[in-house]
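Can you look at this prediction? I've put the sequence above it.
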Amino acid sequence: MPYPFPPSLSGEPPRLLVSVRSALEAASAIEGGAEILDVKDPDRGSLGCPAPDTLFSICQAAGASPRRDLPVTVALGECLEWTEQTPFPLPGQITMAKIGLSGLGESAGWRDQWLRVRQRFEDERGTGIHWVAVAYLDQDDAGSPSIDDIAGAAIDTGCAGLLLDTFNKSSGRLFDHVSPERLAGLAGRMHSGGRFLAAAGRLNLEDITRLSTLPVDVVAVRSAACEKADRRSPVTSRHVAECLTSLRAGGRQAASAHEKSPA
Ligand SMILES: O=C[C@H](O)COP(=O)(O)O
């Protein structure tokens, strides 16, 4: 199964992923120019799992929109949440899924626990799915395994990519936790394994422009796409369009600087 978002080795700008919680928000995200829709319930945490009927209605709305080929991904909560719960079948439109590893930092068998939950989702669906590993940058708050261990496991267990995100959504953003150099190093590691790197973490417009000059494949937002940058407020097409402009602005600056430099 080819990866839906192969790493961008051609220098093309990162794609804009917008997290949505309803069909209405999906329509706003599409209108604003989102390039990937990610379904998530922001009231249930960083990777809050949506209710199955909400997920289906968003997939239906996306499929009926003028941009029906837009990739749709889903957040499925935390691995430990599925110990007692039965996974539900994911709709066919879902191209990728992710599950967090919070609370598993001290567990020697976290890889096996993660793989078991992934397998249970695939069994419910009846087909495989591409997985995205999630490394929390605030790993102490999350109690999760280290970023390097998760990056290695992402490659070893066949994930399509790695998402860097924050667990605690009330303080800190991506660049409070990671330097551009560290991001570029992680991108190189993922790319050499044929995987993509996605970056999130309460990004503001300045962060988005900064990311557009780094070798990141996907820039993922919720807060910046919402009214007042509050991830629990509705996504608006205007805020999504501003995110897209910021993403393209950095790329253009980098390109013109390059064009102006002597041969
Ligand atoms: O997948 C990315 C997250 O939805 C990012 O959310 P955030 O912008 O509120 O940190």
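Structure received. Numbering: from 1, shown residues only.

Close to the ligand: what parts of the stretch 151-263 of the chain are there?
Residues of the stretch 151-263 of the chain that fall close to the ligand, judged by Cβ under 6 Å from any ligand atom: 165-166, 169, 200-203, 220-224, 231. Yep, even glycine has a C-beta here, placed from its N, CA and C like the rest.

Kindly recompute the last result at 5 Å.
When proximity is defined by Cβ under 5 Å from any ligand atom, the stretch 151-263 of the chain lies next to the ligand at 200, 202, 220-223, 231.

Inside helices: which ones of the residues you listed?
Among these, DSSP state H puts none in helices.

nearest to Arg44, of those?
Arg44 lies nearest to Arg231 out of those, by Cβ to Cβ, at 11.6 Å.

The closest one reaches Arg222, doesn't it?
Yes. Between Arg231 and Arg222 there is a contact under Cβ atoms under 8 Å: 4.6 Å.

Mind listing the shared neighbours of the two?
Common neighbours of Arg231 and Arg222, counting by Cβ atoms under 8 Å, 6 or more residues apart in numbering, are Pro42.

Show me which of these two is the more surrounded one.
Here Arg231 and Arg222 are compared on neighbour count by other Cβ atoms under 10 Å; more neighbours surround Arg222, at 28 against 22.

Spatially, which residue comes closest to the more buried one, not counting chain neighbours?
In space, and not counting its chain neighbours, Arg222 is closest to Ser19: 4.0 Å by Cβ to Cβ, 6 or more residues apart in numbering.

how about the one you found, what does it touch?
Going by Cβ under 8 Å, 6+ apart, Ser19 touches 38-40, 42, 75, 220-222, 225, 235.

low-confidence ranges in the stretch 51-200 of the chain?
Scanning the stretch 51-200 of the chain for pLDDT under 70 picks out nothing.

residue ranges for the strands of it, please.
Taking DSSP state E, counting those that start in this stretch as the criterion, the stretch 51-200 of the chain carries its strands at 72-78, 94-100, 130-136, 161-165, 196-199.

How about residues contacting the second one?
Applying Cβ under 8 Å, 6+ apart, the set of residues contacting strand 94-100 from outside is 4-5, 45-47, 55, 59, 71-79, 82, 90, 114, 117-118, 121, 129-134, 136, 142, 144, 160-161, 163, 167.

same check, this time on the last one
The contact list for strand 196-199 (Cβ under 8 Å, 6+ apart) reads 3, 5-8, 17, 132, 160-165, 174, 183, 186-187, 190-191, 211, 214-220.

hmm, 7 Å instead?
Contacts to strand 196-199, defined as Cβ atoms under 7 Å, 6 or more residues apart in numbering, come from residues 5-7, 17, 132, 160-164, 174, 183, 186-187, 190, 211, 216-220.

again, but for stretch 215-224
With Cβ under 7 Å, 6+ apart as the test, stretch 215-224 has contacts from 5, 7-8, 14-19, 36, 38, 42, 163, 183-184, 187, 196-200, 202-205, 208, 211, 229-231, 239, 243, 247.

Leaving out chain neighbours, which residue sits closest to the residue in the stretch 51-200 of the chain that the ligand sits nearest to?
Closest to the ligand within the stretch 51-200 of the chain is Ala200: 3.6 Å, counting by Cβ to the nearest ligand atom. What sits nearest to Ala200 in space, not counting adjacent residues and going by Cβ to Cβ, 6+ apart, is Ala220, at 3.8 Å.

is the one you found in a bridge, and if so with what?
Under DSSP bridges, the beta-bridge partners of Ala220 are Leu17.

Neighbours of it, how many?
27.

and if you look at Pro89?
Neighbours of Pro89 under the rule other Cβ under 10 Å: 15.

give the contact list for Pro145.
Contacts of Pro145 by Cβ under 7 Å, 6+ apart are 101, 104-105, 110.
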